[in-house]
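Participant: Have a look; sequence and predicted model below, questions after that.
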Amino acid sequence: MHILSERGVNHVKCPSQDVYSSASAKKRGTIAAQGALLSLLSLFSFATYSAHVTDGPYVFLDQGKENTAYWICQSELKQTPIANNQLARPNDCGNLPQPVRHSEAPQVEADTYTHAGKIIALSDVHGQFDVMINLLKAHKIIDENNHWAFGDGHMVMTGDMFDRGHQVNEVLWFLYELDKEAQAAGGRLHLLMGNHEQMVFRGDLRYINERYKTSTELLDRSYDALYNKDTEIGRWLRSKNTLVKINNLLFMHGGISPEWVERKLNISDANQLFRQHLDDKKEDLKQNDLLNFLFFTNGPTWYRGYFKDVLSEQEIDHILNYFKVDHIIVGHTSQERVLGLYHNKIIAIDSSIKNGKSGELLLIDQDKLTRGLYQGEQEPL
């Protein structure tokens, strides 16, 4: 950069220039040396980190691989057989999850529920497994062994499990098992697709954590291929909804814009279109008017209009009336806490869990709306 900038500047000789140039050269040399040292330290740090990566398991459904679990143990690729659907990790692979694989293909669940009892919702975990677990334990949604303890309650995760954090796979396998446990107890886990799920499925990998670069190299697959439709987790995720209506509440990742109402769309048709086109290329989605709306700026996974003062309360009421609900619950736009807008008609639940320090969740019991704080305290919204 110094060579380029010097070539791009015409210097004018003056009596003091030799002294000035000498001092500048020394300064540039010092800066260059510091930069080189930082680069070496960065490379050393990354090499040290890469040598101690543990990750997994990964289950691929390709013929001949469907009964094998793949693991990264101290940056070495290992595999174990899957017997009776149990994924057993190698001995030297840390505390990676050992889930029980579902024996049947995932079923598409309903996207509208009435007469549901207690509900909790959180969003934008972004690979922060430990923060998520601590929060769920503090509010007794799961027990000390990370199993479902919420009875016939409904838990809603409004998207963005992927990207940023270093424990994405732990988050996904935990929710994979919790999904089955909730159903067995008469409850439900609603795992909604966010914009970062869509980005990963399309191969937009700008936000993946460094940890997974080691995994992709050892598994010889791109990161998106670790979760494509021919993987256990990928197949399960592709069965999920993007919007769900529970009682008088509507949940999605980003928000419902007035354009949705203008287009007279319904929840079930939209969910089907999302499932059908999750793997489409961005340019193909852009060429279709409806898909361009659904998947991008004004669609339910990207919309941020509630936070820009662009809508009046009358417009909010119009959207609520269209769906026959009293509240819309969204993630996507980060806050410091669970936040009510427009007299709690819009509730923002992205409480910045992605930062890896703390977070909140929303508890709903009949018409009572409560903030669930990180240590287990509860405050009215």
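Facilitator: Thanks, I have the structure now. Just so you know, these numbers come straight off a predicted model, no measurement behind them.
Participant: use CA for all of it now, contacts and neighbours both
Facilitator: Will do.
Participant: shaky segments in the stretch 1-150 of the chain?
Facilitator: Scanning the stretch 1-150 of the chain for pLDDT under 70 picks out the ranges 1-51.
Participant: just the helices in it please.
Facilitator: Listed in chain order, the helices of the stretch 1-150 of the chain (DSSP state H, counting those that start in this stretch) span 2-7, 17-50, 129-138.
Participant: can you give me the end-to-end distance of stretch 370-379?
Facilitator: Taking C-alpha to C-alpha, to the nearest Å, stretch 370-379 runs 6 Å from one end to the other.
Participant: what sits up against that stretch?
Facilitator: 134-135, 138-139, 338, 358-364, 380-381 (C-alpha atoms under 8 Å, 6 or more residues apart in numbering).
Participant: and the gap between residue 101 and residue 68?
Facilitator: Noted for residue 101: a distance of 11 Å to residue 68, by C-alpha to C-alpha.
Participant: Correction: the previous question concerned residue 323.
Facilitator: 45 Å.
Participant: go on, residue 89?
Facilitator: Distance, residue 89 to residue 68, by C-alpha to C-alpha: 11 Å.
Participant: Now the common contact residues for these two.
Facilitator: residue 80.
Participant: Neighbour count: these two, which is higher?
Facilitator: Between residue 89 and residue 68, counted using other C-alpha atoms under 10 Å, the more crowded position is residue 89 (24 against 18).
Participant: To which secondary structure element type does the nearest residue to residue 124 once chain neighbours are set aside belong?
Facilitator: Excluding its sequence neighbours, the residue lying closest to residue 124 (C-alpha to C-alpha, 6 or more residues apart in numbering) is residue 160, at 4.6 Å. Assigned state for residue 160: coil (three-state reduction, DSSP: H, G, I helix; E, B strand; the rest coil).
Participant: Wasn't residue 213 part of a helix?
Facilitator: Yes. The assignment for residue 213 (three-state DSSP) places it in a helix.
Participant: any idea how far it lies from residue 233?
Facilitator: Applying C-alpha to C-alpha, the value for residue 213 to residue 233 is 19 Å.
Participant: Name the residue in these two with the higher neighbour count.
Facilitator: Using other C-alpha under 10 Å as the criterion, residue 213 and residue 233 rank with residue 233 on top: 20 against 15.
Participant: List of residues touching the helix or strand encompassing that one?
Facilitator: Assigned by DSSP states H and E, residue 233 belongs to helix 232-237. The contact list for helix 232-237, computed with C-alpha under 8 Å, 6+ apart, reads 58-61, 105-106, 172-173, 176, 226-229.
Participant: try 6 Å this time
Facilitator: For helix 232-237, the surrounding residues in contact (C-alpha atoms under 6 Å, 6 or more residues apart in numbering) are 59, 106, 227-229.
Participant: Using ChimeraX, define a selection of the buried residues within the residues you listed.
Facilitator: Typed into ChimeraX, the line below selects the buried ones among the contacts of helix 232-237, using 16 or more other C-alpha atoms under 10 Å:
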select :59,227,228,229
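Participant: that older thread, out of the contacts of stretch 370-379, which end up buried?
Facilitator: 134-135, 138-139, 338, 358-364.
Participant: Those residues into TSV, with extra columns for distance to residue 328?
Facilitator: Converted to TSV, those look like this (distance: C-alpha to C-alpha, whole Å):
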residue	distance to residue 328
134	26
135	22
138	25
139	22
338	13
358	24
359	20
360	17
361	15
362	12
363	14
364	13
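Participant: now, which of those sits nearest residue 248?
Facilitator: residue 364 (10.9 Å; C-alpha to C-alpha).
Participant: Where does the closest one sit: helix, strand or coil?
Facilitator: Under three-state DSSP, residue 364 comes out as strand.
Participant: Verify the stated contact: it with residue 119.
Facilitator: Yes. Residue 364 is in contact with residue 119 according to C-alpha atoms under 6 Å; the separation is 5.0 Å.
Participant: secondary structure class for residue 322?
Facilitator: Residue 322 falls in the helix class when you classify it by three-state DSSP.
Participant: Can you get me a residue count around it?
Facilitator: When neighbours are counted by other C-alpha under 10 Å, residue 322 registers 14.
Participant: For it, give me the pLDDT.
Facilitator: Per-residue pLDDT puts residue 322 at 98.
Participant: Skipping adjacent residues, who's closest to it in space?
Facilitator: Excluding the flanking residues, the one nearest residue 322 by C-alpha to C-alpha, 6+ apart is residue 261, at 7.0 Å.
Participant: Under a three-state scheme, what state does that neighbour occupy?
Facilitator: When classified by three-state DSSP, residue 261 comes out as helix.
Participant: Give me the distance from stretch 107-119 to the chain's centre.
Facilitator: In this view, stretch 107-119 has its centroid 22 Å away from the chain centroid, taken as C-alpha atoms, centre = their mean, to the nearest Å.
Participant: Which residues does it contact?
Facilitator: With contact meaning C-alpha under 6 Å, 6+ apart, stretch 107-119 is reached by 153-155, 239, 244-247, 363-365.
Participant: again, 10 Å this time
Facilitator: With C-alpha atoms under 10 Å, 6 or more residues apart in numbering as the test, stretch 107-119 has contacts from 150-156, 187-190, 236, 238-250, 267-268, 271-272, 275, 362-366, 368-369.
Participant: Could I get the contacting residues of residue 300?
Facilitator: By C-alpha under 10 Å, 6+ apart, the contact set of residue 300 is 193-195, 242-243, 251-257, 260, 270, 293-294, 330.
Participant: Endpoints of stretch 316-330, how far apart?
Facilitator: Terminal residues of stretch 316-330 lie 14 Å apart, using C-alpha to C-alpha.
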